[in-house]
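> I would like the atomic coordinates for the input below:
(chains A and B)
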Amino acid sequence: MQLKIRLFGITKDIIGQTWLSLDIPEASKVQDLLHNLQTTYPGLTKLHSVLVAVNDEYAKPEITLKPNDEIALIPPVSGG
Amino acid sequence: MIALTDQPINTEEIIATVQSDGAGAINVFIGTVRNNTQKKTVVRLEFEAYESMALKKMQELADLASERWPVQKVAIVHRTGLLPIGEAAVVIAVSTPHRKASFEACEFIIDTLKEIVPIWKKEIFEDGEVWVAAHP
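Coordinates of the predicted model:
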């Protein structure tokens, strides 16, 4: 299935774009997506943390992704 | 009032939104752009937000604070974009019947905002730039 992933902050710099389209197997989980991305973009493994948000909520690793989910990579936040 | 804005924050307007006849205290926190970090000179900051999620998380913080303290009204406004030194990056205002609760609720909101709200800060120096908190 095709996923669109929003990128922010340093993950945007590491991957070099603000959106990423990715083809991953049906019923992939959040942890599969992260592993895929960290393998393709090793710079992500050097971050303090990278979380995945699904439909505006922090998603646990075992959550199964669906094609229409709004997905974002969340590097360490630093507002305020 | 929960908002993100790419324009300078009007603190007086935000304070007005939390005024309440039942409030004996209004506590206001203003996070401002500092000109240095770890002995390096900062020339400006850039804030980027995942807007839909950030607004949702900011509203959750306001709701949580209202559950824990007798909050009358709460406002959280955060800047995005490029900010010069001295400008307000975030303004939080909380009104409560008594002062202690307004201090505590305001501190809870800014501390938790810095942990969970998807907003990112880039420090821009004369000779480079860095996303804050990205690396261990």
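
> who's in contact with the nearest residue to B:Ile26 once chain neighbours are set aside?
In space, and not counting its chain neighbours, B:Ile26 is closest to B:Ser95: 4.7 Å by Cβ to Cβ, 6 or more residues apart in numbering or on different chains. To be clear about C-beta, it is placed using only N, CA and C from the backbone, and glycine gets the same treatment. Contacts here follow Cβ atoms under 8 Å, 6 or more residues apart in numbering or on different chains; on that basis B:Ser95 touches B:Val18, B:Gln19, B:Ser20, B:Ala23, B:Ala25, B:Ile26, B:Val71, B:Gln72, B:Lys73, B:Val74, B:Ser102.

> For the buried ones among the residues you listed, write the corresponding ChimeraX selection.
Per 16 or more other Cβ atoms under 10 Å in any protein chain shown, the buried members of these correspond to this ChimeraX selection:
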select /B:18,23,26,71,72,73,74,102
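
> Narrow the contacts of B:Ser95 to those in strands?
B:Ala25, B:Ile26, B:Lys73, B:Val74 (DSSP state E).

> what about the third one, distance to chain A?
Applying Cβ to the nearest Cβ, to the nearest Å, one obtains 20 Å for the distance of B:Lys73 from chain A.

> now do the second one
Using Cβ to the nearest Cβ, one gets 20 Å for the distance from B:Ile26 to chain A.

> give me the number of residues near B:Val28?
16 (other Cβ atoms under 10 Å in any protein chain shown).

> in what helix or strand does it lie?
Using DSSP states H and E, B:Val28 sits in strand B:25-32.

> what's the distance between whatever helix or strand B:Lys122 lives in and the middle of its chain?
Assigned by DSSP H and E, B:Lys122 belongs to strand B:119-125. Mean-position distance between strand B:119-125 and its chain equals 15 Å (Cα atoms, centre = their mean, to the nearest Å).

> That strand: which residues count as buried?
So for strand B:119-125, counting by 16+ other Cβ under 10 Å, buried means B:Ile119, B:Trp120, B:Lys121, B:Lys122, B:Glu123.
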